[in-house]
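Student: next come a sequence and a model predicted from it.
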Amino acid sequence: MADSYDRQPVGRGTAHDSDPPMPRTKVYPTGVDRAVQAVWWLTGFVSTLLAIRFFFKLFGANPVPFVRLAYDVSWPLIVPFHGIFNTDQVGRTVLEPECLVAIAIYMWVGWGIVSLIQLIARPPTWTTIE
């Protein structure tokens with residue numbers, strides 16, 4: 001009777017050891033994949049800039065050069081939404097809800113562009129009518 005110690009582990013010491021190793025194939029992203037990645041990266045970058053602006057305003061950040069740079073860079077992104085809501089200010093704290101609206105709209109636009117890219121790049125499907 002064979003003991004459990006006499007058994008060979010599965011996948012080791014079998015006849016398959018002499019087989020050459022399978023070559024690894026590299027999968028490179030297509031142009032469509034790169035375009036989708038670029039759109040999502042840009043959307044995330046814009047949303048991050050707007051979120052930084054929102055929190056700087058909300059916590060009343062001191063106008064040091066970095067904060068002023070963040071305000072100057074993000075201002076053109078806020079302009080289309082400026083004036084939708086009244087801006088509340090208590091001391092140096094400013095609640096700027098248009099930042100939140102801008103983040104939501106830019107994310108929605110990014111999703112729409114990605115969907116359009118994928119729709120256009122989808123290979124045609126063929127059906128056979130019998």
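Tutor: Ah, there it is. Numbering: from 1, shown residues only.

Student: which elements pack onto the longest helix seen in the chain?
Tutor: Of all the segments of type helix in the chain, defined by DSSP state H, the longest one is helix 31-58. Using 3 or more CB pairs under 8 Å, 6 or more residues apart in numbering; DSSP states H and E as the contact test, the elements touching helix 31-58 are helix 65-78, strand 93-95, helix 97-121. C-betas here are computed from N, CA, C, even on glycine.

Student: what angle separates it from helix 97-121?
Tutor: An angle of 180 degrees separates the directions of helix 31-58 and helix 97-121 when computed by axes from the mean of the first three to the mean of the last three CA atoms, to 10 degrees.

Student: what residues sit buried inside helix 31-58?
Tutor: Residues of helix 31-58 classed as buried by neighbour count (16 or more other CB atoms under 10 Å): 35-36, 39, 43, 46-47, 49-50, 52-54, 56-57.

Student: what is the burial count for Val90?
Tutor: As a burial measure, the neighbour count of Val90 was computed by other CB atoms under 10 Å and equals 8.

Student: quick check: the gap between it and Phe59.
Tutor: Applying CB to CB, to the nearest Å, the value for Val90 to Phe59 is 12 Å.

Student: which residues sit against stretch 100-118?
Tutor: Taking contacts as CB atoms under 8 Å, 6 or more residues apart in numbering, the residues outside stretch 100-118 that touch it are 32, 35-36, 39-40, 42-43, 46-47, 50-51, 54, 77-78, 80-81, 84-85.

Student: quick one: mean pLDDT over it.
Tutor: Stretch 100-118 shows a mean pLDDT of 96.
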